[in-house]
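Asks: no sequence on this one, just coordinates:
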């Protein structure tokens, strides 16, 4: 079975493994207070052009999401997300378990618009009984989205402006951030995120690390005492240096961006094959996730040899599916798949 | 600087690193539903003589503690722990953040006694206003304790009997369980824990893994839907197989026990040197943590070359300190330390 | 100003005030363990034909909702409600503050259907990643709904059957239950609720008491230790007997039903006047809340003399508004309003 | 049975009942936004010499405690209380259910000292691993204490100064505040509390109201959005005016202080009888709670006719018990009790 169902099916990039191996016997203090974390954080601050930002390394995305939200909100405050947002649908109510409502706004494509954020907040304050509802206080978006789309710089600027106009915090989930930095059409870089968001993270788990998300906090109110909240939420790794070592490797010599670029290129190679076959795409994703709409008959045959994710029935004879490339995807496997598609 | 301040200062055992390396490119499903986790769980069930037990792999100890407690208790229920218990003093209120009070009972040495558990519970129910207090519903102990002591089989049996007599769950934190299985005086094995506790874990982070705790659940009420609660609490690693791979290695060929045994041997070598020097021990720890009471003058000199943890002032001229050995401790470093102690 | 905007604008029924007055100097134990609570609970059990039910008196509706839900669910479990349900939109995220997601299902009219409950639950379990989502475990409905509609006995039976088929608990918010027992079309009585639901409450605040909700629990798993959870959530009144006294009065001599019947009659008198005037009704409410769609010009004039609640714009020239009758509504005020409407 | 076991055994003062009765049919907006609440709040601000203070009316003490604490703390922060403090031992873990640890400091008499507050906070920050512990952020004291003692103005000033020096909030539980304002030795008035604390409350439940606590908030950070948190925690009464009406009466014509004074006088009458009988007092309470140490033989006889609270065994032949006076205590009942004591 050749697997394309997600981008966390393998271990880590050779460079990451090598860094873990070469540092394995070095003794360091625990809990992220080591030279590897310090150095990786410094590189990230530099890449973000955010010399004052706090950088913390957490283990996973769900953990990063609820830890940030717990650190940022008072009990009566809620976070606005797209209805398809990861915290809305795929984290077992972890934000609610931290006490906060997720206000899920309907979107055609998983992307929030600045205008609907403003509309939601204005409606809240216009309601005479707004104290009987959770108070919108933060906006959560994913770059790229769960469905593989990206926000343009202009869209991010509009969303950030709407948040600041209404006193909301902006939090960007970057579990797959790398691909949004390098894919066709990408025009928002790390310094833009650092400038426009109050907090965001650079995902490692889905971009070549064994695990790890680098949380970048530019808003001092969220940064204050963040390590307490990390510890309380189980997000402070004893051997924290493992995260510093991995991000140190990823942030060196352009490895992170290079890896993302390769993922995207292989994904576009697949995309062109889908299009050549006449398969429509569920959405116009420029990233490492592609969502062709495939006839059932073809799906059956492909499934004998390849794995992919089901994204739901589209009509009587077709389903949308997701093919993902990762740092580990072999070009020869992509080529084999393309050949098999052509032969269908 | 040669470091003895804790047992999580280095990476992982060579065998663990090799297993990660050799499996690195294999594609597996995520979230712990892979062949490595399945196989490691099977070995653990076998070692525990608990064929029906649920085994789940979590990333760290604090996370394991609050996830288990959240899964086990209703909102008004509390967990009894020693006043020196890790959940009482060193997890930033993570159990309280999950909504539960930790009832910290005073102990001379960090070990709970069956009689004080019974006393606490009987006092609760005898109080006419017991509904105005949290209801004791679980007992949390650490084997070995945070101070390096172990519960004997007989003590565990008494505690378990007290719990069952009073309808309490028994949860054993085994962050350093390995050393309690092999150290001098150890007479309670994994099957005993599986038989006597409702849930316990086998610690990997502090015994040769990069990270990871294997939670063994024998009580079906706690096991039910445990994976939901793991996911909600950020305790379900995307590349879950990393935990299966590591525990697969640790649980093969006696590696876990062998590693623990070596740690203990080196710790006893140190202990004998402390005693030879005439330094009293704060407590009679048979495990990989040793707590000599050292004159201030000696401490200053040792600190130039070695790191260790401060455990508090004992009298005007002496402090208790902790020396820890780990899987990575080099015998030559122990010998150098001993030589330096002798020279003091 | 003559007020019709809600049914909690005044104090309590004369009979309730008299009962409070006459018992005022009697000494009783606190926290609901007094003869008044005991006696009122016994009457409620009898009226519900539920001799085994637990009956507890709480102060208010939001409090009753989150206390029941906290008592009933494990951390990863969620409650299904209509998108217009009170817990969905009007309790400041109190259910989320207790850690649980409210799964809000879309409804045209605020009433959940058995089929959509089944659909929601089946979709959950059919999803391969259901552990990444909160688990539906309870259904919350309001009888009558927030918009004044009632569930028929048949609808309740279908919902209850769907819940039991899927292992869900059924919780009925009866903040205005009285009017749903007596209004035109009502065919589900207290024994039906006790038989079909796991827990429900009989609202006092909106039906002639100063405050108070009588929670009736027929499911022993929810009843267990309920008083602990009441105390923990601030829902155990020190002078608990105030609730027993009030419900004792309401449950005597048919006062509760008689009060509800009068409210409904006055509401229908208003309704007929709206219809005579040619004002459509937003929904076909048989209860004490009526929702005429009124021309803006008429609204302006009515607002000089009467208060009512805005329910939103319907078209360019009309808004829906809510008129509520209460135990205290004077027939002469209703008549005056009707005369003014006729004169418009 | 003549009851002295607590001060919430009866309904409300005649003046309070009369105010409820006379306002019963008046229509007002709900949720505390009515003229009664407005007027009562104004009187309280005046009595506190705190024209900027926010005043909110909540139903009960446990509710007031956890609502204030939830409004004030971030998730990793803890509240310091005496080991005998009400939130430590008598609220079923409601503070923990809101996510916060109660740091219970040992006291000989239930009174916190400024020095131990400072010591606790300094120890926290001095610990290299303070991020692994909850951060002390608020001090909770009760005036009078649960055991009937009062803090002097000087003690309050020292505690307040310690809090401000360390950046802690000061919260004063005044469930029985009235008696601490008027009892022998009382030298701290409402303006002192408003000046020294960040938030405190004036208890009604135990001082002549049916129920109700007036929370006075002088710290704007806690006041911000407080009504949201009240609503979320079930602490916003639908007919909020009931609280305004009651506090309006209590705060008029010195009723509150007069009631407290009478309670204290009757308690001292009892106290003198205990002393005359040769019964030692458990503590030197100047308030409406008295704690004589009584021979078992005498207790048996008294219990035939009078109720009181058991406060625990003192030695082989004696127990401490609590006698409480309330607004409703009849002087003739006190005299009867005294006569019976003399006859023993």
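Replies: Alright, I've got the coordinates. Predicted model only: the values in this text are computed from it and were never measured.
Asks: For the rest of this, base every contact and every neighbour count on C-alpha atoms.
Replies: Noted.
Asks: confidence score at the residue positioned nearest the centre of chain A?
Replies: Centre of chain A computed as the mean C-alpha position; nearest residue by Cα atoms, centre = their mean is residue A:175, 2.3 Å away. Looking at residue A:175, its pLDDT stands at 98.
Asks: and what of residue A:76?
Replies: If you check residue A:76, the pLDDT there is 98.
Asks: List the contacts of it.
Replies: A:100, A:134, A:135, C:92, C:93, C:97, D:228, D:229, D:232 (Cα atoms under 8 Å, 6 or more residues apart in numbering or on different chains).
Asks: cutoff 10 Å now
Replies: Residues near residue A:76 by Cα atoms under 10 Å, 6 or more residues apart in numbering or on different chains: A:99-101, A:131-137, C:92-94, C:96-97, D:70-71, D:225-233.
Asks: any idea how far residue D:228 is from it?
Replies: 6 Å (Cα to Cα, to the nearest Å).
Asks: Give me the common contacts of these two.
Replies: Both residue A:76 and residue D:228 are contacted by A:131, A:132, A:133, A:134, A:135, C:92, C:93, D:71, under the criterion Cα under 10 Å, 6+ apart.
Asks: I'd like to know which of those residues are part of helices.
Replies: residue D:71 (DSSP state H).
Asks: Adding pLDDT and neighbour count, write the shared contacts of residue A:76 and residue D:228 out as a markdown table.
Replies: Formatted as a markdown table, these follow (pLDDT from 0 to 100; neighbours: other Cα atoms under 10 Å in any protein chain shown):
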| residue | pLDDT | neighbour count |
| --- | --- | --- |
| A:131 | 98 | 22 |
| A:132 | 98 | 24 |
| A:133 | 98 | 24 |
| A:134 | 98 | 28 |
| A:135 | 98 | 26 |
| C:92 | 98 | 33 |
| C:93 | 98 | 34 |
| D:71 | 98 | 21 |
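Asks: List just the nearest of the shared contacts of residue A:76 and residue D:228 to residue A:299.
Replies: Set against residue A:299, the nearest of these by Cα to Cα is residue C:93 (43.2 Å).
Asks: Just to check, that closest one is in contact with residue A:96?
Replies: Yes: Residue C:93 is in contact with residue A:96 according to Cα atoms under 10 Å; the separation is 9.1 Å.
Asks: which sections of the stretch 1-150 of chain A are below the confidence cut-off?
Replies: Residues of the stretch 1-150 of chain A meeting the criterion pLDDT under 70: none.
Asks: and it, which of its residues are near chain C?
Replies: A:75-78, A:86-102, A:129-135 (Cα under 10 Å from any Cα of the partner chain).
Asks: Give me the buried entries from these.
Replies: The neighbour count (16 or more other Cα atoms under 10 Å in any protein chain shown) marks A:75-78, A:86-102, A:130-135 as buried among those.
Asks: Out of the contacts of residue A:76, which sit inside strands?
Replies: Applying DSSP state E to the contacts of residue A:76, the entries found in strands are A:135, A:136, A:137.
Asks: Near the nearest residue to residue A:25 once chain neighbours are set aside, how many residues? Count them for me, please.
Replies: In space, and not counting its chain neighbours, residue A:25 is closest to residue B:10: 5.4 Å by Cα to Cα, 6 or more residues apart in numbering or on different chains. Neighbour count of residue B:10, defined by other Cα atoms under 10 Å in any protein chain shown: 27.
Asks: which residues touch residue B:10?
Replies: For residue B:10, the contact set (Cα under 10 Å, 6+ apart) comprises A:23-30, A:239, A:241-242, B:3, B:206, B:208-210, B:326-329.
Asks: What separation is there between it and residue C:259?
Replies: Counting by Cα to Cα, the gap from residue B:10 to residue C:259 is 74 Å.
Asks: quick revisit: can you classify the residue nearest to residue A:25 as helix, strand or coil?
Replies: coil (DSSP: H, G, I helix; E, B strand; the rest coil).
Asks: and residue A:70, how many neighbours?
Replies: 24.
Asks: So it is in contact with residue A:98, correct?
Replies: Yes: assessed by Cα under 10 Å, residue A:70 is found in contact with residue A:98 at 6.3 Å.
Asks: Please enumerate the shared neighbours of those two.
Replies: A:233, D:75.
Asks: shouldn't residue A:41 be in contact with residue A:241?
Replies: No: using Cα under 10 Å, residue A:41 makes no contact with residue A:241, being 11.5 Å away.
Asks: For those two, indicate the residue with more neighbours.
Replies: Comparing residue A:41 with residue A:241 by other Cα under 10 Å, the one with more neighbours is residue A:241, at 31 against 24.
Asks: roughly how far apart are the more buried one and chain B?
Replies: Going from residue A:241 to chain B by Cα to the nearest Cα, to the nearest Å gives 9 Å.
Asks: residue contacts, that residue?
Replies: A:20, A:23-24, A:27-38, A:40, A:57, A:247-248, B:9-11.
Asks: Then residue A:216?
Replies: Contacts here follow Cα under 10 Å, 6+ apart; on that basis residue A:216 touches A:41, A:44-45, A:48, A:50, A:53-57, A:172, A:193-194, A:197-202, A:223.
Asks: What sits closest to it if chain neighbours are left out?
Replies: The shortest distance from residue A:216 to any non-neighbouring residue, by Cα to Cα, 6+ apart, is to residue A:55 (4.6 Å).
Asks: Pick out the residue of the stretch 1-150 of chain A closest to chain D.
Replies: In the stretch 1-150 of chain A, the residue that lies nearest chain D is residue A:131 (4.7 Å; Cα to the nearest Cα).
Asks: residue contacts, the nearest residue to that residue once chain neighbours are set aside?
Replies: Using Cα to Cα, 6+ apart and skipping residues adjacent in sequence, the residue nearest residue A:131 is residue D:228, 4.7 Å away. Residues in contact with residue D:228 (Cα under 10 Å, 6+ apart) are A:75-77, A:129-135, C:91-93, D:71, D:235-236.
Asks: which one of the residues you listed sits closest to residue B:265?
Replies: residue A:75 (50.5 Å).
Asks: can you pull the contacts of residue A:188?
Replies: Counting by Cα under 10 Å, 6+ apart, residue A:188 touches A:143, A:150, A:151, A:152, A:153, A:154, A:155, A:156, A:157, A:180, A:181, A:182.
Asks: ok, now how distant is the third one from residue A:192?
Replies: Here residue A:151 is placed at a distance of 12 Å from residue A:192 (Cα to Cα).
Asks: now do the first one
Replies: For residue A:143, the distance to residue A:192 (Cα to Cα) stands at 12 Å.
Asks: Which neighbours do these two have in common?
Replies: With contacts taken as Cα under 10 Å, 6+ apart, residue A:143 and residue A:192 have residue A:156 as neighbours in common.
Asks: Look at those two and report which has more neighbours.
Replies: The neighbour comparison of residue A:143 against residue A:192 (other Cα under 10 Å) goes to residue A:143, with 28 against 16.
Asks: what distance separates stretch A:256-275 from the centre of its chain?
Replies: Relative to the centre of its chain, stretch A:256-275 is centred 17 Å away, using Cα atoms, centre = their mean, to the nearest Å.
Asks: I meant stretch A:263-277, not that one.
Replies: Put simply, stretch A:263-277 sits 21 Å off its chain's centre (Cα atoms, centre = their mean).
Asks: Among the contacts of residue A:216, name the ones in strands.
Replies: A:54, A:55, A:56, A:57, A:172, A:199, A:200, A:201, A:202.
Asks: export those to JSON lines and tack on distance to residue D:187 and neighbour count?
Replies: Below are these laid out as JSON lines (distance: Cα to Cα, whole Å; neighbours: other Cα atoms under 10 Å in any protein chain shown):
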{"residue": "A:54", "distance to residue D:187": "48", "neighbour count": "21"}
{"residue": "A:55", "distance to residue D:187": "51", "neighbour count": "22"}
{"residue": "A:56", "distance to residue D:187": "50", "neighbour count": "26"}
{"residue": "A:57", "distance to residue D:187": "53", "neighbour count": "30"}
{"residue": "A:172", "distance to residue D:187": "54", "neighbour count": "26"}
{"residue": "A:199", "distance to residue D:187": "50", "neighbour count": "28"}
{"residue": "A:200", "distance to residue D:187": "53", "neighbour count": "31"}
{"residue": "A:201", "distance to residue D:187": "55", "neighbour count": "31"}
{"residue": "A:202", "distance to residue D:187": "58", "neighbour count": "26"}
